[in-house]
Every structure is written in C-alpha cells, then in structure tokens.
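K.L.:
structure for this input, please:
(one chain, ligands or ions: 2)
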Amino acid sequence: MKVLEGKLVSDGKKYGIIVARFNEFIGSKLLSGAKDTLIRHGAKDEEIEIIWVPGAFEIPLVAKKLATSGKYDSIICLGAVIRGATSHFEYVSSQLAKGIASVSNDTGIPVIFGVLTTDSIEQAIERAGTKAGNKGSDAALTAIEMVNLLSQI
Ligand SMILES: Nc1c(NC[C@H](O)[C@H](O)[C@H](O)CO)[nH]c(=O)[nH]c1=O
Ligand SMILES: CC(=O)[C@@H](O)COP(=O)(O)O
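P.N.:
Ligands and ions are numbered 1, 2, ... in the order given. Predicted structure coming up:
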C-alpha cells in the first residue's frame, strides 16, 4: 500500500505571503508567525516574498497574479476580517474564501487560507500568537506540507 503524505520540510521552495493591511495589528502578528515557521522548517529568507494589500477583499486578485507568475510554489494569505455592525463582514469573507479556493483550484498552486474571520477583536488576538496559537504559523505549515505533498504526486 502506498501512502502519500507531505513532509514538513522546505527545500528550495518559494513562498509568496499576501497580508491585508486592514487590522494590521493582527496581520503583522500572523506574518511574524508565518515567516518564523517557514524559516524553522528550512525556507531561506530570500525564498520568501511579502506583499501587502489594502484589505482581505483584495487578496484573491493578487493571489491570482502571483500564482500565475510561475515564481511561487505556494501563496499564503493572511489577515483578519472582524465582524462589525453591518453585513460588510459577510461580503468580504465570502468573496475572500471563494476567491482563494478558485485561484488554488484553477492554477494548481496551493493558496493557503490564513485569514482570520472572527466575531470580535478578542477572538482575533487569541489566534494571532496568544492563547489559541498563531494561525499565520499554521498557514505556513499547511503551505510547506502541501508543496511537499504535491511534489510527490
Ligand atoms: N472590514 C475589513 C476589511 N474591509 C476592507 C475590504 O477588505 C476592502 O479593502 C475594501 O472594501 C475595499 O475594496 N478588510 C479586512 O481585511 N478586514 C476587515 O475586517
Ligand atoms: C468586516 C468589516 O468589513 C468590518 O470592519 C466592517 O465594519 P462595519 O460593518 O461596522 O462597517
């Protein structure tokens, strides 16, 4: 029986990290977690590029441009969509999730959903390096695992 599984080792692979500047306080913490995890698992500084966009809604367009450039093995999307008083949250988060999924499926490049979608700032802080870990770090691990897995298929 053959079992395929991605190893958590990065060897010469290239990553684009897209970060939303909206809620930058959270986004920068997710970015630190993602960079730290990539480096700890073997990625080199020069193999990582960081691209800031205004908000999460802009992520899919830039992800598509990066994914079709042929320069990256994986794209990691980071940011925080935090529910406000209006329905804006639903529009931003649904377009973001759909956009990320279609770029990934259409291009064959793993585009990782590391954007928080929370009901409160507290929930976001908990997931940006405090009691619920760092989802930027988790997203980086997923990128490494998917790149490694796809290289075996
Ligand atoms: N409210 C949040 C936004 N809103 C901004 C949009 O993402 C977008 O930049 C704007 O509508 C212009 O197209 N973005 C986040 O990343 N997080 C939010 O909580
Ligand atoms: C998720 C958002 O877009 C949010 O910040 C918007 O807040 P509001 O609904 O209060 O305008």
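K.L.:
show me what contacts the residue of the chain found nearest ligand 1?
P.N.:
Among the residues of the chain, residue 55 lies closest to ligand 1, at 2.2 Å counting by CB to the nearest ligand atom. C-beta coordinates here come from the backbone N, C-alpha and C atoms, glycine included. Contacts here follow CB atoms under 8 Å, 6 or more residues apart in numbering; on that basis residue 55 touches 20, 21, 22, 79, 92.
K.L.:
among these, which ones are in strands?
P.N.:
Within these, residues falling in strands by DSSP state E are 20, 79.
K.L.:
near ligand 2, which residues of the protein are found?
P.N.:
Selection of the chain residues close to ligand 2 by CB under 6 Å from any ligand atom yields 81, 82, 83, 84, 85, 86, 88, 89, 92.
K.L.:
at 5 Å instead, please
P.N.:
If contacts are counted using CB under 5 Å from any ligand atom, the residues of the chain sitting beside ligand 2 are 81, 84, 85, 86, 88, 89.
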